[in-house]
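[1] Fold the following.
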Amino acid sequence: MTKTSFATHEVFNQSPPLVDVDLFALDTALAEAVAAHGGAGATKELSEFGRHWGSAAMAERGRLANENTPKLRAFDSRGNRRDQVEFHPAYHELMAHSAHAGLHNSTWTTRGQSAGAPTEVVRAAKFYMAAGVETGHLCPITMTRASVAALASQPDLLQTIMPVVGTRAYDPTFAPWPTKRGMTLGMGMTEKQGGTDVRANMTRAERDGEAYRITGHKWFMSAPMCDAFLVLAQADQGLSCFFMPRFRPDGTVNAIEFQRLKDKLGNRSNASSEVEFFGAYAELVGEEGKGIRTIIQMVQLTRQDCAIASVGLMRSGLAHALQHTRHRSVFQRHLSDQPLMRAVLSDMALHVEASTALVMRLCRAFDGAGVDASEAAYMRLLTPAIKYWTCKSAPGFLYEAMECLGGNGYVEEGILARHYREAPVNAIWEGSGNVMCLDVLRALSREAGAATEILQGLAQETAGLPGAGEVAAFIGTTFRRADAEGIARLAVERLALLAAAAALNRIAPRHAELFARTHLAGNHGGMYGAVDLASEDIGRLLDRALPH
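    Residues are numbered from 1 along each chain as shown. Modelled structure (predicted):
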């Protein structure tokens with residue numbers, strides 16, 4: 001019997017996959033933001049990174065790492081404790097490529113000091129591109145990079161660790177960290193009863209000679225196969241920060257027992273665990289009782305990466321939406337030529353441009369914080385505000401991107417369903433929205449003079465933009481109110497929007513004017529595309545977002 005051919009089974013009117021492209025060269029907004037903040041000299045390096053991470057091979061690694069999730073091997077076949085997590089080879093390959101690019105250490109010198117400008121900006125551009133390919137593996141990359149800031153409180157320990165952290169090698173072997181070619185570090189802060197309120201932690205640290213023995217639990221400890229962790233525990237003088245390696249100094253496995261891996265909405269390539277400590281060996285980092293002050297140095301950097309990754313996810317969503325709509329025809333025209341779709345896509349492109357400009361401006365502040373007091377103040381005040389706005393924007397944005405693809409966006413064969421699941425974690429991890437708002441209020445109260453200067457600077461940088469003056473006045477008035485906490489979300493969102501308009505005005509003044517008119521002047525609808533942009537502005541935004 002011969003096989004019947006059905007003409008209806010011919011596949012056509014589908015968009016080609018967005019692979020084997022240069023993610024940097026295709027992203028005009030990113031390239032201009034990097035150049036504006038001192039990274040123009042890294043264009044060749046970033047384009048090489050963009051071509052590599054834009055390849056079909058890297059996209060496939062991202063898919064495999066998420067479809068083949070980590071598995072806890074608590075025991076071996078004979079009943080001995082193993083407490084190891086197995087990953088698909090694709091995950092290890094992603095980690096190796098990120099480590100080779102220095103995503104975990106390029107902002108530090110070999111002695112663990114800031115490498116200086118423009119390393120934060122250049123590294124952020126890479127992190128942003130990698131996030132659009134596979135975000136889960138970036139969790140241990142982020143924590144390794146950020147842990148160096150906390151370990152600075154214990155210089156002798158930092159100098160011992162930096163020769164291993166400072167390599168661009170990824171070594172997944174389960175072995176004591178001093179014997180390895182490279183290492184990763186994680187963190188364990190939250191407990192069942194406290195969550196964000198880490199002062200409610202009950203895990204205890206008892207002195208044992210020069211070290212400590214820690215007994216207790218952590219409700220969330222991400223990336224449990226890291227070589228060591230920064231852990232909070234109660235010591236005699238109060239909550240303190242500790243360095244807890246997977247192996248004791250004598251080479252035996254430390255008393256860190258994983259109870260289970262979390263079954264998460266997204267972030268599936270990365271393992272997150274519940275863990276019990278049974279007199280686990282640890283070394284003090286910083287002073288006893290100063291654990292929050294010590295680890296907050298790390299938290300600032302992880303919050304920065306949450307914002308960068310969220311914008312990278314949105315950028316990827318926009319690029320895939322544009323790729324699809326430019327190839328998909330409906331009613332005898334490409335979707336991207338339909339007026340309603342053009343309004344949606346251009347509004348999304350404007351949001352991504354402003355967000356990209358904003359996170360790169362923040363990274364410039366991180367670059368300059370060690371030598372410029374105003375940049376340090378900008379970093380402290382704006383980091384929580386920027387994390388608040390970018391991270392909370394991402395899930396809704398990625399839903400809209402999925403809708404641009406229709407049913408093809410909703411199925412697992414594409415990347416957007418994964419992006420959508422991934423997006424909420426950045427708003428939840430390292431401080432939820434309310435915590436970010438409270439941190440902005442704390443920064444304002446502690447550094448009122450510096451905060452006033454920053455707000456005045458933002459007002460000057462947005463002078464003449466629609467609605468900017470009114471928003472700046474509202475922010476200043478609201479934060480001085482006795483009941484500021486109750487309306488902090490509104491003020492923090494407007495602070496982030498004003499900062500985004502200022503950052504974009506430095507790079508693309510016409511688009512800053514469009515952003516201010518649609519976001520500061522108060523006439524933006526509740527959905528993407530509920531704006532009135534001129535045809536030439538729409539065309540320019542779309543051409544910049546993904547050049548033909």
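[2] just to confirm, which helix or strand has the spatially closest residue to residue 102 that is not a sequence neighbour in it?
    Ranked by C-beta to C-beta, 6 or more residues apart in numbering and with sequence neighbours excluded, the top spatial neighbour of residue 102 is residue 168, at 5.6 Å. Heads up, the C-betas are built off the backbone N, CA and C, glycines and all. For residue 168, there is no enclosing helix or strand under DSSP states H and E.
[3] Same check on the one 5 residues further on?
    Secondary structure assigned from DSSP H and E places residue 173 in neither a helix nor a strand.
[4] before we move on, back to that, in this model residue 98 seems to touch the residue nearest to residue 102, though I could be wrong.
    No: taking contacts as C-beta atoms under 8 Å, residue 168 lies outside contact range of residue 98: 9.7 Å.
[5] Looking only at neighbour counts, state which of the two leads.
    Shown here are residue 168 and residue 98; by other C-beta atoms under 10 Å, residue 98 has more neighbours (23 against 16).
[6] In contact with that one, which residues?
    For residue 98, the contacting residues are 104, 130, 137-138, 141, 170, by C-beta atoms under 8 Å, 6 or more residues apart in numbering.
[7] Which member of these is positioned nearest residue 401?
    For these, the closest approach to residue 401 (C-beta to C-beta) belongs to residue 130, at 18.4 Å.
[8] check contacts around that closest one.
    Contact analysis of residue 130 by C-beta under 8 Å, 6+ apart lists 53, 98, 101, 103, 138, 312.
[9] average pLDDT across the strand or helix carrying the last one?
    Using DSSP H and E, residue 312 falls within helix 291-327. For helix 291-327, the per-residue pLDDT values average out at 96.
[10] likewise stretch 145-162?
    Mean pLDDT, stretch 145-162: 98.
[11] quick one on the thing from earlier: need the next SSE after the helix holding residue 312, C-terminal direction.
    For helix 291-327, the following helix or strand on the C-terminal side (DSSP H and E) is strand 329-330.
[12] Could you export the contacts of residue 98 to TSV, including columns for distance to residue 508?
    What follows is the contacts of residue 98, written out as TSV (distance: C-beta to C-beta, whole Å):
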residue	distance to residue 508
104	32
130	24
137	32
138	28
141	30
170	37
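[13] thinking again about what came up before, report the distance from the helix holding residue 312 to the chain centre.
    Distance, stretch centre to chain centre, for helix 291-327: 4 Å (C-alpha atoms, centre = their mean, to the nearest Å).
[14] Return the set of buried residues in that helix.
    Across helix 291-327, burial judged by 16 or more other C-beta atoms under 10 Å covers 291-292, 294-295, 297-326.
[15] same check, this time on stretch 61-76
    By neighbour count on 16+ other C-beta under 10 Å, the buried set for stretch 61-76 is 61-66, 68-70, 72.
[16] Among the residues you listed, name the ones in strands.
    Applying DSSP state E to the buried residues of stretch 61-76, the entries found in strands are residue 72.
[17] what's the weakest-modelled helix or strand in this protein?
    strand 329-330 (a mean of 90; mean pLDDT, DSSP states H and E).
[18] strand partners of that one, parallel vs antiparallel please.
    Strand 329-330 sits in its sheet next to strand 333-334 (antiparallel), going by DSSP bridges.
[19] average model confidence for the partner strand?
    Strand 333-334 carries an average pLDDT of 94.
[20] Stretch 409-419 too?
    Averaging pLDDT along stretch 409-419 yields 95.
[21] With only the CA atoms kept, save that stretch in CSV.
    Below are the C-alpha coordinates for stretch 409-419, written out as CSV (Å, rounded to 0.1, in the frame of the first residue of the first chain):
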residue,chain,number,x,y,z
GLY,A,409,4.3,30.8,22.3
TYR,A,410,2.4,28.7,24.8
VAL,A,411,3.9,25.3,24.0
GLU,A,412,7.2,23.9,25.5
GLU,A,413,8.9,23.4,22.1
GLY,A,414,9.6,27.2,22.1
ILE,A,415,11.6,29.2,24.6
LEU,A,416,8.9,31.7,25.7
ALA,A,417,7.0,29.3,28.0
ARG,A,418,10.3,28.6,29.8
HIS,A,419,11.0,32.4,30.0
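[22] Need the contact partners of that stretch.
    With contacts defined as C-beta under 8 Å, 6+ apart, stretch 409-419 is touched by 59, 62-63, 66, 132, 135, 266, 313, 316-317, 320-321, 324, 398, 401-403, 405, 408.
[23] Show me which residues of it are buried.
    Judged by neighbour count using 16+ other C-beta under 10 Å, the buried positions of stretch 409-419 are 409, 414-419.
[24] before we move on, what about stretch 88-100?
    Under 16+ other C-beta under 10 Å, the buried positions of stretch 88-100 are 88, 90-99.
[25] Can you report how many residues neighbour the spatially closest residue to residue 195 that is not a sequence neighbour?
    Nearest residue to residue 195, sequence neighbours excluded (C-beta to C-beta, 6+ apart): residue 219, at 7.5 Å. The tally of other residues near residue 219 (other C-beta under 10 Å) stands at 18.
[26] go on, residue 470?
    Residues near residue 470, counting by other C-beta under 10 Å, number 13.
[27] same check, this time on the one 4 residues further on
    Neighbour count of residue 474, defined by other C-beta under 10 Å: 16.
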